[in-house]
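structure here, sequence nowhere to be found:
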């Protein structure tokens, strides 16, 4: 069974490695969320030809389904042990949804359905994600670890809009969607760096 190993508080190199990976994980998540919430409507309208009402409806569906996903993810987090596999699977499914949105044009029901589904997958990540942070934190350092890695999310929310805004000023609307899909896929790859195999 694959599990996470909680690092010992004296293992400085392991702490620094895990901290950097977790910071990157939250950073990419911040980029993904900020892109969807702030730039997807404009990208869908200008890049894919959807009308404003449908684009807004799809974003609203995403936001509501994210809340539902958090609740469902919390229930599932109590029933599973391999939280890393679960988080990775959810991010892969969300990446698939975003990739289909980037490829698809002039399918309003499909857009709304994919955005709602994507929100469910991304929301479901949150409880298991926080459990992983706890498992990877040195004993007695959970609060400090959460505080540090959470700044990665804030950094993503700061840098992401600047970059995506620059792309939109140049008319690269579909690239915004593709890069959001990429930013959603990379956290799943980062999780593999923490895993180990035990009997």
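Thanks, I have the structure now. Note that this is a predicted model, so its numbers are computed, not measured.

show me what contacts the spatially most central residue of the chain?
Residue closest to the mean C-alpha point of the chain, counted by C-alpha atoms, centre = their mean, is residue 29 at 3.9 Å. Residues in contact with residue 29 (C-beta atoms under 8 Å, 6 or more residues apart in numbering) are 125, 129, 152-153, 156, 183, 187. Just so you know, the C-beta spots here come from the backbone N, C-alpha and C atoms, and that holds for glycine as well.

if we use 7 Å, what do you get?
For residue 29, the contacting residues are 153, 156, 187, by C-beta atoms under 7 Å, 6 or more residues apart in numbering.

pull the contacting residues for the second one.
Contacts for residue 156 (C-beta under 7 Å, 6+ apart) come out as 26-31, 34.

out of those residues, who's the most crowded?
Neighbour tally across the contacts of residue 156 (other C-beta atoms under 10 Å): the maximum, 27 neighbours, falls on residue 31.

show the pLDDT at it.
Turning to residue 31, the model gives it a pLDDT of 93.

surely it touches residue 184?
No. Counting by C-beta atoms under 7 Å, no contact exists between residue 31 and residue 184, whose distance comes to 9.0 Å.

how near is the residue nearest to the centre of the chain to residue 102?
Separation of residue 29 from residue 102 (C-beta to C-beta, to the nearest Å): 19 Å.

please apply the same query to residue 116.
For residue 116 relative to residue 102 (C-beta to C-beta), the value is 17 Å.

picking up where we left off before, out of the contacts of residue 156, which are inside helices?
Judged by DSSP state H, the subset of the contacts of residue 156 located in helices is 26-31, 34.

make JSON lines from the contacts of residue 156 and add distance to residue 90 to it.
Conversion of the contacts of residue 156 to JSON lines gives the following (distance: C-beta to C-beta, whole Å):
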{"residue": "26", "distance to residue 90": "15"}
{"residue": "27", "distance to residue 90": "18"}
{"residue": "28", "distance to residue 90": "14"}
{"residue": "29", "distance to residue 90": "11"}
{"residue": "30", "distance to residue 90": "17"}
{"residue": "31", "distance to residue 90": "17"}
{"residue": "34", "distance to residue 90": "19"}
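
residue 78: neighbouring residues, count only.
Neighbours of residue 78 using other C-beta under 10 Å come to 8.

check what pLDDT it gets.
90.

for the protein, what are the low-confidence residue spans?
Scanning the chain for pLDDT under 70 picks out 1-18, 192-199.
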